[in-house]
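Asker: model the structure of this input:
(2 chains)
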Amino acid sequence: MSMRAGPLSDDKVIALLNGYFIPVYAPYTSEETSTVVSTEQEKEIQRIWRESLEKKLPYGMVHCYLLEPGTGQVFDAMGVVKASVINNTVALLTKAIERYKVKEGRPVVRPGRQVFPSKVAPDSLVLHLTARDLGSLKTGLHVAKAQDCTVGGWTDFASENSIVLERADWTKLTPPPSEKEWTVNQEVASKFLVYFYPQLEANVVSNHRVNEAALKASIVSSDKENVRIRLDGFLKMKRVQEPDAIFVDAPLTGYIDYDPAKRRIRTFRLMTESGKCGSRNFGVAVRSVGAEELSAKPKE
Amino acid sequence: MVIALLRTLALLGAASFQEPAKAAPADEFARIDRWIQDWQPTAEDRRMEEIGWAKDIPEAMRLAKQHNRPVFVFTHKGRINIGRM
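Answerer: Residues are numbered from 1 along each chain as shown, chains lettered A, B, ... in the order given. Purely as a prediction, here's the structure:
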């Protein structure tokens, strides 16, 4: 059971965190997160880990910590294995509420989408990618497992990426002058194709290498208002640590609607229904995101 | 003659069974739209987004002081918010 599929998806835990706490998730600096963790954040994570150790509280890198309201000092902690059991997290939170006699209130921060960047240049093309695991291709005897051992893992929910293509990039997706068919620019295609893989523990996409000419484009219809471009291809992705091994195989299909008058991409769609990553099957859907969705106010 | 006709029809039928007609482009684009729509994260996938997360630990500590609430911090590997862990 993972924290996200377990306690962080549970009604009671969600209500306690929103009603009595200031919740924050904090990825520590690693190869995968080097661009998203600020120096201040990393300094605080290190301070929390050090304090827990000094106070002889449970300590670990993948861990839940509780900080005092006034000082921010650590006063309780629980390891992820224990905290993944919903009742244990409920007990941890309830004890803290009683200790500080916290009064129930509304969430201090409004809940909202956690996927899109907070600021995007207005002429950027934002793509949203959803990857889902479709299970293993392994053959052989099926061994039945208890339900609570097979649900709640991190492959049970979709993983998402937002990919921001700046104007200089997305214009390379549009038709070259007097061409009906072309190969999509390798550098630009790689910016979204590197995310075509299922949920894994290794997420260092800078190690992903996309095959040459993975994506072809052809104009299927054209008028003053719209040029429809069909996308087809086959992705063969490798990783630098295993240069001879195929990491991902995936047929690709999709389309682009391009407004030639306004010189902008209206719609971008790309998918694989039958990607393969080792013995696993997966699917990926990519769609362009409109300004309205990006600026949507979080729900109450 | 009847037998020959039946044989021809059977062969045509088998051929059409082996090679189904390709979807017209418009149908194919509609199918892509539908598939991508169906593939979007569900409310169940996104339950974590029902929690009002602070931007980072320094902001969480500032809000904790202001609202007299403890901070719940989950330190982890990877990126839990996008399901890439």
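Asker: what pLDDT does A:Glu201 get?
Answerer: For A:Glu201, the pLDDT comes out at 77.
Asker: could you do A:Ala291 as well?
Answerer: As predicted, A:Ala291 sits at a pLDDT of 84.
Asker: same question for B:Thr8.
Answerer: pLDDT, B:Thr8: 44.
Asker: what about A:Ser206, how many residues close to it?
Answerer: If you count neighbours by other C-beta atoms under 10 Å in any protein chain shown, A:Ser206 ends up with 12. The C-beta positions use only the backbone N, C-alpha and C, and glycine is treated the same way.
Asker: before we move on, what about A:Gln241?
Answerer: Around A:Gln241 there are 10 residues (other C-beta under 10 Å).
Asker: what sits against it?
Answerer: A:Asn207 (C-beta atoms under 8 Å, 6 or more residues apart in numbering or on different chains).
Asker: from A:Val284, how far off is it?
Answerer: Computed as C-beta to C-beta, to the nearest Å, the A:Gln241 to A:Val284 distance reads 22 Å.
Asker: again, but for A:Lys276
Answerer: In this view, A:Lys276 and A:Val284 are 12 Å apart by C-beta to C-beta.
Asker: the two - which one has more neighbours?
Answerer: Using other C-beta under 10 Å, the more surrounded residue of A:Lys276 and A:Val284 is A:Val284, with 28 against 18.
Asker: would you map the strands across the chain?
Answerer: Answering for chain A, as no chain was given. Along chain A, counting by DSSP state E, strands occupy A:22-27, A:63-67, A:74-79, A:125-136, A:159-165, A:181-183, A:208-210, A:215-222, A:227-239, A:242-259, A:264-277, A:280-289.
Asker: let me rephrase: I mean chain B.
Answerer: Counting by DSSP E, chain B has strands at residues B:71-76.
Asker: now the helices for it?
Answerer: Here chain B has its helices, by DSSP state H, at B:2-18, B:25-38, B:57-67.
Asker: how near is A:Gly112 to A:Ser118?
Answerer: As judged by C-beta to C-beta, A:Gly112 and A:Ser118 stand 10 Å apart.
Asker: neighbour count for those two, which is higher?
Answerer: A:Gly112 (15 against 6).
Asker: excluding its backbone neighbours, what's nearest A:Lys276?
Answerer: Nearest residue to A:Lys276 in three dimensions, chain neighbours excluded: A:Asp249, at 4.6 Å (C-beta to C-beta, 6 or more residues apart in numbering or on different chains).
Asker: list the contacts of that neighbour.
Answerer: Contacts for A:Asp249 (C-beta under 8 Å, 6+ apart) come out as A:234-236, A:275-276.
Asker: tell me where the model's unsure across the stretch 151-300 of chain A.
Answerer: A:151-154, A:297-300 (pLDDT under 70).
Asker: can you pull the residues of it lying near chain B?
Answerer: Applying C-beta under 8 Å from any C-beta of the partner chain, one finds that the stretch 151-300 of chain A approaches chain B through A:154, A:157-162, A:199, A:201, A:203, A:220, A:228, A:230, A:253-255, A:269, A:271, A:273, A:283, A:285-287.
Asker: buried among these? Need that as a selection in ChimeraX.
Answerer: To isolate the buried ones among those in ChimeraX, judged by 16 or more other C-beta atoms under 10 Å in any protein chain shown, type:
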select /A:154,157,158,159,160,161,162,199,203,228,230,253,254,255,269,271,273,283,285,286,287
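Asker: what's the spacing between B:Ala26 and A:Arg230?
Answerer: Distance of B:Ala26 to A:Arg230, computed by C-beta to C-beta: 12 Å.
Asker: sorry, slip of the keys, the one I care about is A:Trp49.
Answerer: Distance from A:Trp49 to A:Arg230, by C-beta to C-beta: 52 Å.
Asker: go on, A:Tyr258?
Answerer: Computed as C-beta to C-beta, the A:Tyr258 to A:Arg230 distance reads 12 Å.
Asker: and for A:Val184?
Answerer: Remark: distance between A:Val184 and A:Arg230 (C-beta to C-beta) = 11 Å.
Asker: now swap in A:Ser52 and tell me
Answerer: Separation of A:Ser52 from A:Arg230 (C-beta to C-beta): 55 Å.
Asker: cool, and A:Phe75?
Answerer: Plainly put, A:Phe75 is 59 Å away from A:Arg230 if you go by C-beta to C-beta.
Asker: same deal with A:Lys262?
Answerer: Using C-beta to C-beta, A:Lys262 is found at 21 Å from A:Arg230.
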